[in-house]
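*Asks:* The sequence and its predicted three-dimensional model are supplied below.
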Amino acid sequence: MTVAWYLVVSALIFCVGAAGVLVRRSPLVILLCLELMLNAGNLALIAFSRMTGTGDGQIFAIIVMVVAACEVVVGLGIIVALYRRRLPIDVDQLRRLHG
Amino acid sequence: MEDVLFFIAAIGAVVGAIGVIALRNPFYSVLALVSHLLSLALLFLLLEAQFVAAAQIVVYAGAVMVLYVFVVSYVGGQGEPLASIGPGLGGVGLVLCIGLFVELSIAILGSGLHAIDTDGAKLGPGFGTPGQIGQLLLTKFLFPFEIASFLLLVAAVGAVVLARRRRGIDAPDEPLPPRDRLELTAAEVMRIPRAGSQAESIGLGQEEKEERGGW
């Protein structure tokens, strides 16, 4: 398969993840959709690494995995803190959380 | 053979991704994401990235997903109606994403990269092996490597600070917030009730804090 096929699959996964972030309201599912988008980016990076024949893209992908793990840990920590306070687990009702 | 594997893995990855956003129960969404990650690891193997594929399965599908499963079962994955934001807004979101996909496809297929229509460059021996990755991480990419380790440390400390119990392991959960309004600020979620207030500084007892209901 040519590299372009992998890139199209990556674009498709990214768009599914973006749709999830726009459509779903549970912060848990939104975190999962962020994972989907990061994974789509990983797939594109590794496809380009294969295209150029250097390992740089794979290093980028590993760093992206580290960032994704950090994001998951902090995001789930916030969700657990919300649950402890009996707050609604719903992003529409937590809209001032950026404050 | 390679083509067949590619289509199996690609269809598995896309179906898993759609499952994540289409299933109502967050627990099933997590399981769909695990199958998506396994298919993605197969795609990585087809792209000669053995080490990244192994890390994907062990770290992502293993450790991170276990964390998700724990939190979903702690929070209690209550189902959420899919069309909860209204059909109009949901439709707008889907149309935006289809438009984004068309745009990305045009950008990919219409790009000036000639190598994009090939199977990739000729690979040297040891491409994508742990040896090569480790060598790159400790020579060319030493700085990002150290930054990543520091970022992991910060995230671990931050998660402990966010999710700990405030008054020790035996303390009950924090009191109910006022329910007359549903909008909350970040300070209200994160602040220890009455911490930094005058009542704390003159040493009012724990009972009185509970009596007044915190907040």
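*Replies:* Arrived safely, thanks for sending.
*Asks:* how about low-confidence regions in the chain?
*Replies:* Since you didn't name a chain, this refers to chain A. Within chain A, the segments meeting pLDDT under 70 span A:97-99.
*Asks:* Wait, chain B was what I had in mind.
*Replies:* Checking chain B against pLDDT under 70 turns up B:77-87, B:165-215.
*Asks:* Recalculate using a threshold of 80.
*Replies:* B:76-90, B:112-126, B:163-215 (pLDDT under 80).
*Asks:* Can you show me the helices along it?
*Replies:* B:2-22, B:26-46, B:50-55, B:65-75, B:87-109, B:130-138, B:142-163, B:186-190, B:198-201, B:206-212 (DSSP state H).
*Asks:* Point out the most buried one among the ones you listed.
*Replies:* Highest mean neighbour count among these (mean count of other Cβ atoms under 10 Å in any protein chain shown): helix B:26-46, with a mean of 22. The way it works is simple: take the backbone N, C-alpha and C, and place the C-beta from them, glycine included.
*Asks:* if we can go back for a sec, next, format the helices of chain B as CSV and append distance to A:Leu22.
*Replies:* Below are the helices of chain B laid out as CSV (distance: least, Cβ to Cβ, whole Å):
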stretch, distance to A:Leu22
helix B:2-22, 10
helix B:26-46, 16
helix B:50-55, 29
helix B:65-75, 21
helix B:87-109, 3
helix B:130-138, 35
helix B:142-163, 26
helix B:186-190, 23
helix B:198-201, 43
helix B:206-212, 42
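*Asks:* Tabulate these (a markdown table), appending distance to chain A.
*Replies:* Below are these laid out as a markdown table (distance: least, Cβ to the nearest Cβ, whole Å):
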| stretch | distance to chain A |
| --- | --- |
| helix B:2-22 | 3 |
| helix B:26-46 | 5 |
| helix B:50-55 | 5 |
| helix B:65-75 | 5 |
| helix B:87-109 | 3 |
| helix B:130-138 | 5 |
| helix B:142-163 | 3 |
| helix B:186-190 | 5 |
| helix B:198-201 | 19 |
| helix B:206-212 | 15 |
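*Asks:* Of all these, which one comes closest to A:Asn39?
*Replies:* Closest approach to A:Asn39 among the helices of chain B (Cβ to Cβ): helix B:26-46, 5.8 Å.
*Asks:* ok, so what distance separates A:Ser49 from chain B?
*Replies:* 7 Å (Cβ to the nearest Cβ, to the nearest Å).
*Asks:* Looks like A:Cys15 contacts B:Leu104 (just checking).
*Replies:* Yes: at 7.2 Å, A:Cys15 counts as touching B:Leu104 under the criterion of Cβ atoms under 8 Å.
*Asks:* quick one, strands of chain A?
*Replies:* Counting by DSSP state E, no segments of chain A form strands.
*Asks:* Give me the packing partners of the longest helix that it contains, helices and strands only.
*Replies:* Secondary structure assigned by DSSP H gives helix A:56-84 as the longest helix of chain A. Applying 3 or more Cβ pairs under 8 Å, 6 or more residues apart in numbering or on different chains; DSSP states H and E, one finds that helix A:56-84 makes contact with helix A:27-52, helix B:50-55, helix B:65-75, helix B:130-138, helix B:142-163, helix B:186-190.
*Asks:* Nearest to B:His114 among the ones you listed would be which one?
*Replies:* Going by Cβ to Cβ, the one of these nearest B:His114 is helix A:27-52, 10.2 Å.
*Asks:* Let me see the contact set for the residue nearest to B:Cys97 when sequence neighbours are not counted.
*Replies:* Nearest residue to B:Cys97 in three dimensions, chain neighbours excluded: A:Ala19, at 3.9 Å (Cβ to Cβ, 6 or more residues apart in numbering or on different chains). Residues near A:Ala19 by Cβ atoms under 8 Å, 6 or more residues apart in numbering or on different chains: A:33, B:21, B:93-94, B:96-97.
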